[in-house]
Every structure is written in structure tokens, then in C-alpha cells.
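**Student:** model the structure of this input:
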Amino acid sequence: MRIRPLGRSGPRTTSTPAASAQPGRSARHAGGPLAVAHRGDPRAAVENTLEAVRRAADAGASAIEVDLRCTADGVVVLHHDDDLARLWDRPESVAALTLHELREFAPAVPTLREALDAAAGVPLLLDTGDPVIAAAAHAELVDLGAVAMFCGAAEAMAAVRARDERITLFLSWYGELPPSEGVLEAVRPQYFNPEHRLLSEEAVAHWHARELLVSCWTVDDADRRAELLSWGVDAIISNDVNGVVKSCDGQA
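**Tutor:** Here you go, the predicted structure:
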């Protein structure tokens, strides 16, 4: 089963910020679909590290997706898992450690501020399902005067939208049934962002008809990327950074 089109009219549209902060439909027409690096370039460096971010930027990614956590002292850092076991062979939870303690156990885990610098102007796509972390990350962006985009589950994205009417949001989606009208109204996303196996050509056309761009994750197979792009998908998130850049450049 694929995500079924809805019969009702689309959600209320939002105001459109400057093109540098809002890669909307006009940007797609001008420069082709977005090639989004997943956790930096995880094939060239450890995921969500500064080296991975730099490698993705150097490879020509349109945007760089990174995962967010918060330390015990409230610092937003890049890390996917709750704990350090998979990447750093430590049992501790990120949320239980201060930044100083985290740096003792996993010195390569960067702060959001450091990652923004490392991206060298390539937009970061900040991924979190936690509304508290999302709000903390947004507050840091405001404090720094920095621009980024967010992706994640509905509750977290709604928390960001409540703080910022203009920021670009990717509503990540995990189930075969589509988001409800209430979810769409609360988040008011620019991008609908399901797992790629949930998409069909019909579904892409449906979301475009509702004035939403379509992104998907995580697409590492070149033939599948070609199929999705032929349907008009607007952004593809991939671990294969060089491959997704090549695929999307071919659609420009």
C-alpha cells in the first residue's frame, strides 16, 4: 500500500522568505532537485562529525542533514542515537552528560554551532523528533543569526513552526496513512518527507497539487533515485553523497 491521496484542499500556505533561506519550488525549477547528504558524508567519515559535514559540503551537496541531541547542560550537539554505544563504544546517554563530559568520551561529537561553521554556507537540515531539542536548536539559530532547515516528526516540527512562520520544514513521515489535516495545519511544512518506499508517482503528484514539495529518505540505489526523480521528487536524502549529487545534477 502507498500513501493514499487526500480529497480535501491543501493546508494554509505560509509566507515565503528569501531564497537563501527557503529552497522552495522556484529554487527547484531554477537549480533542480536538492541532493541532501544524510548525516554528512557517512561513507567518507564518521556520521554527524565535522569531517562528515565538510566532506558532504566538498562533494557538492545541496543541503546536509544532521541529527540533534542535547547535553545535560543544554548544549545542542550532533548525534543520532540516544547513547554513545554504536559509534563510540561507550554506554552513556548523551542527555546524561555535560558537554565537557561528552568531549571526554566522544571528542569528535560536534556542537550545532561548530557544524554550522563547518558547513561553509551549505544549509543544514536539522533532524529531531523531540520538540524540546527542536526549540533549543531554533533558539540557537536565532542567537547566531544563522539559517537552517528542520526535518522530523510532527510534534517537533510543530514546535518550530510555532516559533517561526517562515522557516523551512520537512515533515518526516513513517506510516502508510497520510498526515491528518490537523497535523498539516500545525506544521505547515514546505516539504512532505516520507520514507521513499511509501511514495508512488500518484502520491508525488498529489502532494504537488497541494502545493507541497516532496522529499524522501534514505535513497542509496541509483536506479531508485532515477525513478523518484522521474516522478518529480524535489529532494532526495542519501548516504551516497557523490551519487545523489550526480543524480540530482542530471535533473537540473
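**Student:** ok, now which ones touch residue 144?
**Tutor:** Counting by C-beta atoms under 8 Å, 6 or more residues apart in numbering, residue 144 makes contact with 113, 116. In short, each C-beta sits where N, CA and C put it, glycine included.
**Student:** distance of it relative to residue 109?
**Tutor:** Distance of residue 144 to residue 109, computed by C-beta to C-beta, to the nearest Å: 19 Å.
**Student:** residue 63 contacts residue 121, correct?
**Tutor:** No: with contact defined as C-beta atoms under 8 Å, residue 63 does not count as touching residue 121 (11.1 Å).
**Student:** who has more neighbours out of those two?
**Tutor:** A direct count of neighbours by other C-beta atoms under 10 Å for residue 63 and residue 121 places residue 63 higher, at 25 against 8.
**Student:** how about that one, phi and psi?
**Tutor:** Per-residue torsions, residue 63: phi -150, psi 160 (degrees, to the nearest 10).
**Student:** beta partners for it?
**Tutor:** With DSSP bridges applied, residue 63 shows beta-bridge pairing to residue 36.
**Student:** from residue 36, how far off is it?
**Tutor:** Distance from residue 63 to residue 36, by C-beta to C-beta: 5 Å.
**Student:** shared neighbours of the two, anything?
**Tutor:** By C-beta under 8 Å, 6+ apart, residue 63 and residue 36 have these common neighbours: 125, 235.
**Student:** residue 171 versus residue 150, what's the distance?
**Tutor:** 10 Å.
**Student:** intersection of neighbour lists for those two?
**Tutor:** residue 157.
**Student:** ranges for the strands of this structure?
**Tutor:** Along the chain, counting by DSSP state E, strands occupy 34-38, 63-70, 76-78, 124-127, 149-152, 169-173, 191-194, 213-216, 235-238.
**Student:** need the contact partners of the fourth one.
**Tutor:** For strand 124-127, the external contacting residues (C-beta under 8 Å, 6+ apart) are 36, 53, 63-68, 112, 115-116, 134, 137, 148-152, 170, 172, 237.
**Student:** and the pLDDT for the residue of the chain positioned farthest from its centre?
**Tutor:** Relative to the centre of the chain, the most outlying C-alpha is that of residue 104, 28.3 Å out, by C-alpha atoms, centre = their mean. The model reports residue 104 with a pLDDT of 98.
**Student:** use 39 as the first number from now on
**Tutor:** Sure, I'll start counting at 39 from here, so that last one is residue 142.
**Student:** could you check how far it is from residue 126?
**Tutor:** 11 Å.
**Student:** report the buried residues of stretch 273-288.
**Tutor:** Under the neighbour-count criterion of 16 or more other C-beta atoms under 10 Å, stretch 273-288 has 273-283, 285-286 buried.
**Student:** kindly check the end-to-end length of it for me.
**Tutor:** Stretch 273-288 has an end-to-end distance of 13 Å (C-alpha to C-alpha, to the nearest Å).
**Student:** one more: stretch 199-217?
**Tutor:** Note: stretch 199-217 ends 16 Å apart using C-alpha to C-alpha.
**Student:** so for it, mean pLDDT?
**Tutor:** The model assigns stretch 199-217 a mean pLDDT of 97.
**Student:** go on, stretch 268-282?
**Tutor:** Computed over stretch 268-282, the average pLDDT equals 98.
**Student:** go on, stretch 115-135?
**Tutor:** Mean predicted confidence for stretch 115-135 is 98.
**Student:** how about residues contacting it?
**Tutor:** Around stretch 115-135, the neighbours that count as contacts under C-beta under 8 Å, 6+ apart are 77, 84-87, 91, 104-110, 137, 139-140, 143-144, 147-150, 153.
**Student:** buried set for it?
**Tutor:** Those would be 115-118, 121-122, 125-126, 130, 132, 135, for stretch 115-135 by 16+ other C-beta under 10 Å.
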